[in-house]
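A structural model of the following input is requested.
(chains A and B, ligands or ions: 1)
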Amino acid sequence: MYDVIVVGQGLTGLLSAIVARKQNKKVALVAKGTGKMLQSTGLMDLVPGSNKDFSQWMELYGLSNREKITVKDAINEFKRLTEKIGYEYVGDVDKLANVVTSSGHLKSTALYPKTITPIPEKGRIVIVGFNEIVDFQPEFLKGNLQKERPNLQIKTMSVSLGKDSQRTLTQLDAARVLDEKDNREQILRQIKEKMKTEFTDGVDLFIFPAALGVQQWEKVHSQFCSELKAMVTEAPGLPPNATAIRLHERLRKEAIKLGVRFYTDTEVNGFSKKGTINEITIKMNNRNAKLESQHLLICTGGILGGGLEQTAKGLKETTLQLSVNKEGAYVDLPDHVYPVGASLGTNVIHYGITGGIYSVVSSYLTNLQIERSDMRGLQRA
Amino acid sequence: MHELSFHETTFEKCLKCNACTVNCPISNVSFDFGGPKHLGPELKRMMDHQEVIDDARIELCTLCGTCDASCPENVHVSTLTSYAKAIHAEENGTKFRDLILSNAELVGKLASTFAPITNMTMKVKPVRKAMQKVLGIHADRQFPTYEFSNFKRRYNKKHATTEKKVAYFTGCYATYNAPDVADSFIKVMEYNGIDVAIPEQKCCGVPMFANGQMKQGLKNAQFNTNSLLEYTRQGYDIVMTCTSCTSAFKKEYASYLKTEEAEELAQHIYDADEYLRILHEEGVLNTNFATINAKVGYYAPCHMKGQGIGNPAMDILELIPGFEIQDMAASCCGQCGTFGFKEEKYPYSLELGKGLATVVEELDADYTVTECGMCKNQLDQLTNKQVKHPMQILKTAYEKVPVTS
Ligand SMILES: Cc1cc2nc3c(=O)[nH]c(=O)nc-3n(C[C@H](O)[C@H](O)[C@H](O)COP(=O)(O)OP(=O)(O)OC[C@H]3O[C@@H](n4cnc5c(N)ncnc54)[C@H](O)[C@@H]3O)c2cc1C
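Got it, this is the predicted structure:
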């Protein structure tokens, strides 16, 4: 019997489990897969794929002005958490930043890790690719970035990671290469060599794939900045991006260290109520079992995360097998069951996906709801 | 060859999202491995209804199962890679060394018969050098010790007489290397008024699957299934102290054998801590534990994590007064059963173990707790902390309770 069961280990689930555990609750996290964070950029967007600002976002998600302070609290809590786990996020929901992706397009985002630097209007830019990483093409990036920022002077180059491989290398692989000091030095030497004939009077910003280290990102970033005598940014693109993996790995470890009990490779496929207790049926490997909790958080990511399924008859809820309306929201939400993030239905999914900021805010708000419910329970007792 | 074109369709759901490769412990320390996505679903897609493809890169797969737990689409990646291993072994033949390593049971029988000599010999440098040369077992890899008084010589009850009955699948490690773990388990059950029987059993097969010895592994799986079903059908619960054995019965047997019997048996398999947790939930666990003032680090074996059972070892150990236990949240230990003994795999094994060694050092606890004997082997070699099995701690906690009469 747990105080809180969280279904799903995407951004929403991990954050929800961590906050609940910090309240000293007994927490289990049940999930069948790792969630979408691994496929994301690791940037926390308001509304991915749009330039909507904070007040438009508040309106879109049906949040009242009164709740602005709570939303800010949630953001600050997230920043504190990321700092604590050694991967600090910066930025401001009131002032979106323009960052570059690996395709060279600019996107506005609210929060981003310290390895990211927003793109200036003008200045001298060098885009550095790695020969071995086919998903990042400096010339392609340059073409698109130049269109968006005509006043930038842009040069490109490619250097070698110097590693043989038996598989197609990804940004994450490159990031692990850069975790090693010798490799960093070898790569920096190549860049400096090439820089002898380019922009000889200095560079403002270097753009790399999202591959500047995993464990050692801080060392990689500061060494690159100081040796290249310029600002350095990552341009996330096709997954896996080190920007996202760092956050995912650290959040997971934090949750485990705090004592959240992980039931992985485990699907939730049924629900019943035993008095006030929530009981879920779980299927792991070739077995079925039941788990009980006081509170049940559904962080299953909606249609993209697998919590909702598009069928010929409309949306179907896969986790508790309860009926949902045409927007995917629970018709009859049982007591002490809380859909969080994209599980709230399509009304919180705009342009197909729910941004990271909504995961951050929604998990925070749900925790407040649980606290209030527990208080009421105490008062009654 | 025919049986290696096995039936398994979950690969069709693979979206090539890379989640398995991103989380794969070996892929994260080496580019020599092709990665689970390529050697699992992608390879299977190329082979289906066509020619069997042998890909030598599969040798580096340790069958830890992390890929299965990361896949958002529920592809049975490790089933696919285990068959890729079997195909590779079939096409290339198996090294004499791998045949020996995969036969942990036979090695255990022999080594324990000559235990004092075996243990001493395994520490003699020139002998180990020769073993590396002739057998390809790395000279620097420490071996677990073998006990002459193996568990089979100590305890051999075939039937339980109490109301709750447990049949204990001991496994090779607790039988030949760590009979103290098996003894402790029997004692812990005794303190809970539960009689333990030891059914006829063979090695669970995990070392065979890992070395591509699929046929032999499935033979063992079939033998164990038949033997244990006789017990479960009489109301016994099957309990194990090795998380790799448990995982084989819950997961691999049913996935590989694909029989109703294997499915039926899987419903009755419990890890020892998981079983105690059930007793606790039913309110029948003896919680009269003595205080143990200790601060310890817990290392979760991959094959425990893959079972989807939360963290039963910590759930139970936390019931001991004064006992402070912290999950170290470490990734794969790198021993990976027989993998870390092999000359050519040894460097990868050490590279994998680095992360674990660092967290053990950072936590600086009194000792380390883990259920897996092979993880313990790596911990013994790479850290200076003692390593205990949860059952050993529980036994002490029961025994130290002052007797009041
Ligand atoms: C490809 C892609 C890229 C994206 N990139 C960005 C980005 O760069 N920036 C941004 O802000 N947002 C991005 N998003 C949006 C992203 O979805 C959200 O930001 C956020 O990560 C969603 O997290 P979540 O935890 O709510 O859902 P998910 O990450 O989808 O997690 C759902 C979890 O629920 C589990 N689950 C589902 N059903 C069950 C069940 N029945 N039983 C057990 N477990 C179940 C899944 O296994 C998974 O663990 C992206 C989305 C996608 C699909």
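
Okay, domains of chain B per the record?
Chain B breaks down into these domains under automatic domain parsing: B:19-92, B:96-134, B:151-281, B:294-399.

Let's have the ones you listed in JSON lines, adding distance to A:S343.
(Glycine included, C-beta is placed from N, CA and C.) JSON lines is the format used below for these (distance: least, CB to CB, whole Å):
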{"stretch": "domain B:19-92", "distance to A:S343": "16"}
{"stretch": "domain B:96-134", "distance to A:S343": "45"}
{"stretch": "domain B:151-281", "distance to A:S343": "28"}
{"stretch": "domain B:294-399", "distance to A:S343": "21"}
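
Out of those, the one nearest B:Q142 is which?
With CB to CB, the closest approach to B:Q142 among those belongs to domain B:294-399: 4.6 Å.

anything in that closest one near chain A?
Yes - Domain B:294-399 comes into contact with chain A (CB under 8 Å from any CB of the partner chain), by way of B:300, B:305-311, B:314-315, B:326-329.

any idea which of the residues you listed is closest to the ligand?
Closest to the ligand out of the residues of domain B:294-399 next to chain A is B:G308 (10.1 Å), distances taken as CB to the nearest ligand atom.

list the contacts for A:F136?
A:F136 makes contacts with A:S102, A:G129, A:F130, A:Q171, A:P209, A:A211, A:A235, A:G237, as judged by CB atoms under 8 Å, 6 or more residues apart in numbering or on different chains.

do the same with A:G270
A:G270 touches A:I280, A:T281, A:L320, A:Q321, counting by CB under 8 Å, 6+ apart.

tally of neighbours for the residue in the stretch 201-350 of chain A positioned nearest to chain B?
Using CB to the nearest CB, the closest approach of the stretch 201-350 of chain A to chain B is made by A:M284 at 3.0 Å. A:M284 is flanked by 21 other residues according to other CB atoms under 10 Å in any protein chain shown.

And it, what's its pLDDT?
The model reports A:M284 with a pLDDT of 88.

Spatially central, which residue of chain B would that be?
Central residue of chain B (CA atoms, centre = their mean): B:S244, 2.3 Å from the mean position.

Go ahead and confirm that one touches B:C203.
No - B:S244 is beyond contact range of B:C203, at 10.7 Å (criterion: CB atoms under 8 Å).

So for the two, which residues contact both of them?
Counting by CB under 8 Å, 6+ apart, the residues touching both B:S244 and B:C203 are B:G171.

Residue 74 in helix, strand or coil?
All of this refers to chain A. Put simply, A:A74 is helix when judged by DSSP: H, G, I helix; E, B strand; the rest coil.

Spit out the contact partners of it.
By CB under 8 Å, 6+ apart, the contact list for A:A74 reads A:V360, A:V361, A:S363, A:Y364, A:L365.

again with B:A84
Shown in contact with B:A84 (CB under 8 Å, 6+ apart): B:L39, B:G40, B:L43, B:D55, B:I58, B:C61.

just to revisit the earlier point, so for A:L29, which of the domains of chain B sits nearest?
Set against A:L29 and scored by CB to CB, these come closest in domain B:294-399, at 8.9 Å.

what about the closest one, start to end distance?
Using CA to CA, to the nearest Å, one end of domain B:294-399 lies 16 Å from the other.

hang on, the earlier thing: quick one: which of the contacts of A:F136 sit in strands?
Here DSSP state E is the test, and the contacts of A:F136 give A:G129, A:F130, A:P209, A:A235 as lying in strands.

From chain B, how far out is the second one?
Relative to chain B, A:F130 is positioned 13 Å away (criterion: CB to the nearest CB, to the nearest Å).

confidence score at that residue?
A:F130 carries a pLDDT value of 98.

next one: the third one
For A:P209, the model assigns a pLDDT of 98.

Name the nearest residue to it, sequence neighbours excluded.
Excluding its sequence neighbours, the residue lying closest to A:P209 (CB to CB, 6 or more residues apart in numbering or on different chains) is A:F136, at 4.0 Å.

Look up how far A:N241 lies from that neighbour.
Here A:F136 is placed at a distance of 10 Å from A:N241 (CB to CB, to the nearest Å).

before we move on, what about B:V401?
B:V401 is 54 Å from A:N241, where distance means CB to CB.

Looking at these two, which one has more neighbours?
A:N241 (29 against 13).

these two touch, right, that one and A:M37?
No - counting by CB under 8 Å, A:N241 stays clear of A:M37, with 10.0 Å between them.

buried sites along the helix ranked longest in chain A?
Longest helix in chain A, counting residues (DSSP state H): helix A:356-380. By neighbour count on 16 or more other CB atoms under 10 Å in any protein chain shown, the buried set for helix A:356-380 is A:356-367, A:370, A:374.

next one: stretch A:43-59
Within stretch A:43-59, the residues scored as buried using 16+ other CB under 10 Å are A:L43, A:M44, A:D45, A:L46, A:V47, A:P48, A:S50, A:K52, A:D53, A:F54, A:W57, A:M58.

Please identify which of those residues is nearest to B:T287.
A:M44 (44.7 Å).
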